[in-house]
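**Student:** here is a sequence together with a model predicted from it:
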Amino acid sequence: MNSHVETFDYVVFGATGDLTMRKLLPALYHRFRDGQIPADSRIIGTARSKLSHDEFRERAEKALGRFVKGDALDAETARRFLGMVFYASVNGAEADSTWPNLLELFGDDRQDKIRVFYLATSPGLYGAICQNLSDKGLVTDRSRVVLEKPIGHDLASARKVNDDVGKVFPENRVFRIDHYLGKETVQNLIALRFANPVFERLWSADAIDHVQITAAETVGVEGRGDYYDHSGALRDMIQNHLLQVMCLVAMEPPGTLGADDVRNEKLKVLRALKPIRPADVDHVAVRGQYGRGRTGDGIVPAYLEELGEGRQSNTETYVALRAEVHTWRWGKVPFFLRSGKRLPAKVSEVVIQFRETPWSIFPSQLQANRLILRLQPEEGIQLSIMNKDPAMDSMALRPANIDVAFEKAFSTRYPDAYERLLMDTVRGDPVLFMRRDEVEAAWTWVEPILDSWRERPDTLRHYSAGTWGPDQARHLLGSNRQWHEDM
Ligand SMILES: NC(=O)C1=CN([C@@H]2O[C@H](COP(=O)(O)OP(=O)(O)OC[C@H]3O[C@@H](n4cnc5c(N)ncnc54)[C@H](OP(=O)(O)O)[C@@H]3O)[C@@H](O)[C@H]2O)C=CC1
Ligand SMILES: O=C1O[C@H](COP(=O)(O)O)[C@@H](O)[C@H](O)[C@H]1O
């Protein structure tokens, strides 16, 4: 049962945008429906568009209709929820005459009420919005700011965003969202490792051959081509989500579950990553872009066709990387990370591939144990083991799985990642958010790859939509290893 949070004002900049409609409002609705949000809280949408409170509520109602799944949407709860929703037309980036629209909603409101400023606009506006919030006197001691990704486009721009926001909000009141950290199954990595010694005792180079972290999507870039074409898969998925998951897989046990203890351990992993020299890029990184191909939905267009007629682009829609965490625990164990669009399955998972037995006394070929942590969908854990084949009189063996499907085990709804994260911003608990030094360490590591790709367009491979990416990604693993693609 989720506990109550204190009454709050949640001010969303970029409230007419896709993220607010698709994720933020449905997440807040769910938590309101669960009884977690006090009814005197307010959700205040802002954007430049001129809308009345009611016009914005109509948009919000439509968004709930589209994006709240199953039977969770009921008219009476939605009516009460929409009663908490307000709108102010503000140009967040300018210190102009639109700000009174927001200021009048605060009047001489209690200064001790929690205020969350959620910036769901282009990151280029974050610094200006924070400065304006401060200049207009809206930032109280109990205010915090939430920054959507991407934080910058590279290390220098990330530092600039962090510096600008840091002029107004101290680090402990800056919440940098990485929605993967809000996924239940990603948080469960901490439970799996540190509450189950049976795994943790084997969690090192002694027993593990390699680790695979995959985030595969079947969709293309859809309506987000303009954003995506400036970003690409490395910035969009690897620099943040997959490196964060890798940190949770690779980190040492934190002293406590406190935000800084956990984030210090993640930072140590990022700083222990073997640096990539320009000459190494081709050996440790593969990138690709999808062409036309066949998927479950029939023939789908190429990335360039989705971007629009006549557009050319070297942006990657697929990345596979080899990383090493140079610590005593991991030695030279490779971590293979990959993410791509228009792949054959929507799946995010971590595969821990254990080493083979040093010697076999059995007539059958042995398959090394493999632990699969399924982050989404069909969340669960699967451990492959070798068993005696009951159909045979001999000691012939066959692999079988120990399977835990979380939905069956816990019979509960899996909340969207944003639900937990939005409530944590109200609680003021930053453990599931990225600290400044983590973001900058991640940029530091990926930057040589970005630099090399910018100068070497010929490194962009092609793959057909509906396949598992360019062939070169297979070679990255070496001849005796294979990607887990049996899903
Ligand atoms: N959509 C998604 O799935 C995801 C988005 N993100 C990030 O979230 C952020 C928002 O994304 P998304 O919702 O898709 O973007 P959209 O382009 O759909 O929305 C942008 C919003 O910003 C508002 N806006 C633009 N300029 C200003 C301004 N000067 N002052 C106030 N509001 C302004 C726009 O409204 P108006 O024009 O009326 O001002 C609109 O509401 C981005 O940083 C994106 O990278 C991150 C992960 C996933
Ligand atoms: O942050 C992003 O994540 C989504 C994938 O998220 P998931 O929770 O569905 O795995 C991705 O589609 C998008 O491009 C990226 O910006």
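**Tutor:** Nice, I can see it. Ligands and ions are numbered 1, 2, ... in the order given.

**Student:** could you find the closest non-adjacent residue to the residue of the chain found nearest ligand 1?
**Tutor:** Closest contact between the chain and ligand 1, by CB to the nearest ligand atom, is at residue 17 (2.3 Å). (Each C-beta comes from the backbone N, C-alpha and C, glycine too.) Closest residue to residue 17 in three dimensions, ignoring its sequence neighbours and counting by CB to CB, 6 or more residues apart in numbering: residue 120, at 5.8 Å.

**Student:** that neighbour against residue 21, yeah?
**Tutor:** No: here residue 120 lies out of contact with residue 21, judged by CB atoms under 8 Å, at a distance of 10.0 Å.

**Student:** average model confidence for the longest helix seen in the chain?
**Tutor:** Secondary structure of the chain per DSSP state H: the longest helix is helix 436-455. Mean per-residue pLDDT for helix 436-455: 97.

**Student:** output the set of residues of this protein in proximity to ligand 2.
**Tutor:** By CB under 6 Å from any ligand atom, the residues of the chain that approach ligand 2 are 215, 217, 236, 348.

**Student:** what about 8 Å?
**Tutor:** 149, 179-180, 183, 215, 217, 219, 221, 224, 227-228, 231, 236-237, 240-241, 341, 346, 348, 376, 417 (CB under 8 Å from any ligand atom).

**Student:** give me the phi and psi for the residue nearest to residue 17.
**Tutor:** The phi and psi values for residue 120, taken as degrees, to the nearest 10, are phi -110, psi 50.

**Student:** same check, this time on the one 10 residues further on
**Tutor:** When quoted as degrees, to the nearest 10, the phi and psi of residue 130 stand at phi -60, psi -40.

**Student:** and if you look at residue 292?
**Tutor:** phi -50, psi 150.

**Student:** that one - how many residues pack around it?
**Tutor:** When neighbours are defined as other CB atoms under 10 Å, residue 292 has 15 of them.

**Student:** name the nearest residue to it, sequence neighbours excluded.
**Tutor:** Distance criterion CB to CB, 6+ apart; nearest residue to residue 292, sequence neighbours excluded, is residue 302 at 4.6 Å.

**Student:** got the contact list for the one you found?
**Tutor:** Shown in contact with residue 302 (CB atoms under 8 Å, 6 or more residues apart in numbering): 290-292, 465.

**Student:** likewise for residue 320?
**Tutor:** Neighbours of residue 320 in contact, by CB under 8 Å, 6+ apart: 285-286, 336-338, 469, 473, 476.

**Student:** element containing it?
**Tutor:** strand 318-324 (DSSP states H and E).

**Student:** for the next helix or strand after that strand, output the C-alpha coordinates as PDB.
**Tutor:** Sequence order places strand 334-340 as the next helix or strand after strand 318-324, per DSSP H and E. The C-alpha trace of strand 334-340 is given here as PDB (Å, rounded to 0.1, in the frame of the first residue of the first chain):
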ATOM      1  CA  PRO A 334      32.600  -7.700 -20.700                       C
ATOM      2  CA  PHE A 335      29.300  -5.900 -20.300                       C
ATOM      3  CA  PHE A 336      27.500  -5.900 -23.700                       C
ATOM      4  CA  LEU A 337      24.900  -3.100 -24.000                       C
ATOM      5  CA  ARG A 338      22.500  -2.700 -26.900                       C
ATOM      6  CA  SER A 339      19.400  -0.800 -27.800                       C
ATOM      7  CA  GLY A 340      17.500  -0.300 -31.000                       C
END
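
**Student:** who does the following helix or strand past strand 334-340 pair up with?
**Tutor:** Next helix or strand after strand 334-340 toward the C-terminus (DSSP H and E): strand 347-354. Paired strands of strand 347-354, with direction, are strand 208-216 (antiparallel), strand 370-376 (antiparallel) (DSSP bridges).

**Student:** with distance to residue 323 added, can I get those in CSV?
**Tutor:** Output for those, formatted as CSV (distance: least, CB to CB, whole Å):
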stretch, distance to residue 323
strand 208-216, 9
strand 370-376, 18
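
**Student:** can I get those strands in TSV with mean neighbour count, distance to ligand 1 and mean pLDDT?
**Tutor:** As requested, the strands paired with strand 347-354 are exported to TSV (neighbours: other CB atoms under 10 Å; distance: least, CB to the nearest ligand atom, whole Å; pLDDT from 0 to 100):
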stretch	mean neighbour count	distance to ligand 1	mean pLDDT
strand 208-216	21	13	98
strand 370-376	20	15	96
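
**Student:** to residue 85, which of these lies closest?
**Tutor:** Checking these against residue 85 by CB to CB gives strand 370-376 as the closest, at 29.0 Å.

**Student:** domain parsing for this protein?
**Tutor:** Annotated domains of the chain cover 8-148, 181-486 [automatic domain parsing].

**Student:** go ahead and confirm residue 230 touches residue 152.
**Tutor:** No: using CB under 8 Å, residue 230 is not in contact with residue 152, being 12.0 Å away.

**Student:** report the contact partners of whatever residue of the chain ends up closest to ligand 2.
**Tutor:** Residue nearest to ligand 2 within the chain: residue 236 (4.7 Å; CB to the nearest ligand atom). Applying CB under 8 Å, 6+ apart, we find residue 236 in contact with 150, 228, 339.

**Student:** what is the burial count for the first one?
**Tutor:** Counted by other CB under 10 Å, the residues lying close to residue 150 total 21.

**Student:** for it, what are its contacts?
**Tutor:** Contact analysis of residue 150 by CB under 8 Å, 6+ apart lists 123, 231, 235-236, 239-240.

**Student:** closest to residue 331 out of the strands paired with strand 347-354?
**Tutor:** Nearest to residue 331 among those is strand 208-216; the distance by CB to CB comes to 10.0 Å.

**Student:** ok, and what's touching that closest one?
**Tutor:** With contact meaning CB under 8 Å, 6+ apart, strand 208-216 is reached by 202, 237, 241-242, 245-246, 249-250, 333-340, 343-356, 368, 468, 477, 481, 483-484.

**Student:** would you mark the buried spots in whichever helix or strand comes after that strand?
**Tutor:** Sequence-wise, the next helix or strand downstream of strand 208-216 (DSSP H and E) is helix 225-231. For helix 225-231, burial by neighbour count (16 or more other CB atoms under 10 Å) applies to 225, 228-229, 231.

**Student:** again, but for stretch 341-358
**Tutor:** Neighbour count says stretch 341-358 has 341-344, 347-354 buried, by 16+ other CB under 10 Å.

**Student:** rebuild those as JSON lines, extending it with pLDDT.
**Tutor:** What follows is these, written out as JSON lines (pLDDT from 0 to 100):
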{"residue": "341", "pLDDT": "97"}
{"residue": "342", "pLDDT": "97"}
{"residue": "343", "pLDDT": "97"}
{"residue": "344", "pLDDT": "96"}
{"residue": "347", "pLDDT": "97"}
{"residue": "348", "pLDDT": "97"}
{"residue": "349", "pLDDT": "98"}
{"residue": "350", "pLDDT": "98"}
{"residue": "351", "pLDDT": "98"}
{"residue": "352", "pLDDT": "98"}
{"residue": "353", "pLDDT": "98"}
{"residue": "354", "pLDDT": "98"}
